[in-house]
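> next one to model:
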Amino acid sequence: MLKNGLTILVNRDKASKLAAVNILYKVGARNEADDKTGFAHLFEHLMFRGTESVPDFDYPVVMASGENNAFTNNDYTDFYITLPKENLSTALWLESDRMRNLNITAEVYETEKRVVIEEFKQRYLNQPYGDEQLLLRDMCYKVHPYRWSAIGISPDHIERATIDDVRAFYDMHYRPSQAILSISADLPEEEMLDMAERYFADIEDVGGCIPPVAKEPVQREPRRLEVEREVPATDITIAFHMGDRLSRDFFLGDLASDLLAGGESSRLINRLVKEKGLFSTANAYITGSLDAGLFVIKGRLMPSTTEADAEEALWRELKELQHGNVSDYEMEKVKNKFEVNMLMGEINVMNKAMNLGFYAMIGDLELLNTEADIYRSITREELMSFAERVFTPNNSSTLIYRAR
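Numbers count the residues shown, from 1 in each chain. Now for the predicted structure:
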């Protein structure tokens, strides 16, 4: 870690001729105020608008034969560049420049503000099922900022934000102590560390203290929301609170969701889609949030399926897990899949750099090498206990997204 608080991680990858530079900022929707949401996503756009030194961020990347992109979620914002290892310094120069020298003018802000507002409308307001996740989050969370997605609560928040609001958010979150720089390339580790220090060590860590995130209270009674929309078919979604990313719950929930919906041979697809024909599609997943997250199970009803039958079918599948009705074959198949996915994910040079940043952010870098063992250690009895504890009516939030 540099004196200014920047965390630097490097990996020598002798299998690749490319270098990957990933910079993770520990800012997502969870760090926003409930009257100023969507700012982290806005900055995903603004960070590409250039500085006084580099008016067009993409041009030097292209000239260095590289590619770059970014994404935002509720927990963090990630920017990444891949390019030939000989041009690694270009990526480090660009990232260090925009960390504190972003050119946030009124003209730039107005342009990107319109882009973000239009994206919100197209993806969430004018799209079939677009507001489904927004409604679900708002029902499941009452205090924690996970109650809105990365896009925000409403486009009005970005619409009415001032340029001073935007600059204050930048100063608070886009600085060395709130960032993790990770590099993967076939270069000596000391050389990569020296290069990173050369470009980032002199950046001042300005900004104040990051406000604490509100803790969501325990849900103690069922929640239910029914809405009608102009959509082709009714969706039923049931969500349950579960543990955070570093808890055993994460692995238990991930394994349970894969048993239910991990591919065409999974339980929901085989039983509820193919055999019984209750749903046209069905799914189960976990949010994988840094703080306590959600286990979600859902299905899109066939025209002949009643809502009562559909809801009962989803609960029946959850009760199967509570009763421990899982074969050794199913358990082994899901565990093998996790192990293969982890191994395949380590082939790509960008994934290596990205994983270093992510696991450093969650506070357990060693977990990167031990997650497969954790999945392997899960027993049927543990899975039953998780299902009995999590899949309860008082911990459930049900959304009926009804076709008119």
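
> got the phi/psi numbers for the residue positioned nearest the centre of the chain?
Residue closest to the mean C-alpha point of the chain, counted by Cα atoms, centre = their mean, is N73 at 4.5 Å. When read as degrees, to the nearest 10, the backbone of N73 gives phi -140, psi -170.

> identify the residues contacting it.
Contact analysis of N73 by Cβ atoms under 8 Å, 6 or more residues apart in numbering lists 28-29, 150. Quick note: C-beta positions are derived from backbone N, CA and C, even for glycine.

> and those, which is closest to E204?
G28 (23.8 Å; Cβ to Cβ).

> now that closest one: how far from Y76?
Counting by Cβ to Cβ, to the nearest Å, the gap from G28 to Y76 is 5 Å.

> output stretch 314-329 as PDB - backbone C-alpha positions only.
This file holds the C-alpha atoms of stretch 314-329, laid out as PDB (Å, rounded to 0.1, in the frame of the first residue of the first chain):
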ATOM      1  CA  LEU A 314     -41.800 -22.600  -6.000                       C
ATOM      2  CA  TRP A 315     -42.300 -23.100  -2.300                       C
ATOM      3  CA  ARG A 316     -42.500 -26.900  -2.800                       C
ATOM      4  CA  GLU A 317     -39.000 -26.900  -4.500                       C
ATOM      5  CA  LEU A 318     -37.600 -24.900  -1.500                       C
ATOM      6  CA  LYS A 319     -39.100 -27.400   0.900                       C
ATOM      7  CA  GLU A 320     -37.400 -30.200  -0.900                       C
ATOM      8  CA  LEU A 321     -34.100 -28.700   0.000                       C
ATOM      9  CA  GLN A 322     -35.300 -28.200   3.600                       C
ATOM     10  CA  HIS A 323     -36.100 -32.000   3.800                       C
ATOM     11  CA  GLY A 324     -32.600 -32.800   2.400                       C
ATOM     12  CA  ASN A 325     -34.000 -34.400  -0.800                       C
ATOM     13  CA  VAL A 326     -30.800 -34.000  -2.700                       C
ATOM     14  CA  SER A 327     -28.800 -36.800  -4.200                       C
ATOM     15  CA  ASP A 328     -25.100 -37.300  -4.000                       C
ATOM     16  CA  TYR A 329     -25.000 -37.000  -7.800                       C
END
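
> in that stretch, what counts as buried?
Under the neighbour-count criterion of 16 or more other Cβ atoms under 10 Å, stretch 314-329 has 314-315, 317-318, 320-322, 326 buried.

> so which of those residues are in helices?
The helices, defined by DSSP state H, take in 314-315, 317-318, 320-322 from those.

> do you have the helices of the stretch 201-350 of the chain handy? List them.
Taking DSSP state H, counting those that start in this stretch as the test, the helices found in the stretch 201-350 of the chain are 248-261, 267, 307-322, 328-345, 349-362.

> quick one: contacts of the first one?
Pointing back at helix 248-261 there. Residues contacting helix 248-261 (Cβ under 8 Å, 6+ apart): 242-244, 266-269, 282-286, 288, 293, 295, 297, 317, 321, 326, 330-331, 334-335, 337-338, 371, 374-375, 378, 382-383, 386-387, 390.

> buried subset of those residues?
Buried among these (16+ other Cβ under 10 Å): 242-243, 266-269, 282-286, 293, 295, 297, 317, 321, 326, 330-331, 334-335, 338, 371, 374-375, 378, 383, 386-387, 390.

> and which of the ones in helices among the buried residues of stretch 314-329 is nearest to N22?
Using Cβ to Cβ, these come closest to N22 at L321, 36.1 Å.

> so what's the closest one up against?
Counted by Cβ under 8 Å, 6+ apart, L321 has contacts 256, 259-260, 383-384, 387, 391.

> and those residues, which two are furthest apart?
L260 and M384 (14.4 Å).

> neighbour count winner among these two?
Each of L260 and M384 had its neighbours counted (other Cβ atoms under 10 Å), and the higher figure belongs to L260 (25 against 17).

> how close does the more buried one get to S53?
Distance from L260 to S53, by Cβ to Cβ: 51 Å.

> also C209?
Relative to S53, and taking Cβ to Cβ, C209 is found at 29 Å.

> which of these two has more neighbours?
Taking other Cβ under 10 Å, C209 and S53 do not tie; S53 has more neighbours (11 against 6).

> quick one, what contacts the more buried one?
So, once contact is read as Cβ under 8 Å, 6+ apart, S53 ends up touching 97, 101.

> now do the SS call for it.
Following DSSP: H, G, I helix; E, B strand; the rest coil, S53 is assigned to coil.

> how close does it sit to Y59?
12 Å.

> ok, V116 next?
23 Å.

> kindly report the same for F358.
29 Å.

> ok so, going back, minimum distance to H45: which of the helices of the stretch 201-350 of the chain has it?
helix 349-362 (20.0 Å).

> what about this structure, any weak spots by pLDDT?
Of all residues in the chain, none has pLDDT under 70.

> residue farthest from the centroid of it?
The chain, Cα atoms, centre = their mean, max distance from centroid: S304 (35.3 Å).

> and H323, what does it touch?
M384.

> ok, now with 10 Å
384, 387-388 (Cβ atoms under 10 Å, 6 or more residues apart in numbering).

> from those, which land in helices?
Per DSSP H, these map to helices at 384, 387-388.

> would CSV of those residues with distance to I238 be doable?
Listed next are the ones in helices among the contacts of H323 as CSV, based on distance: Cβ to Cβ, whole Å:
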residue, distance to I238
M384, 19
A387, 13
E388, 16
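
> between those residues, which sits nearest N4?
A387 (46.3 Å).

> the closest one and R380, how far apart?
In terms of Cβ to Cβ, A387 sits 11 Å off from R380.
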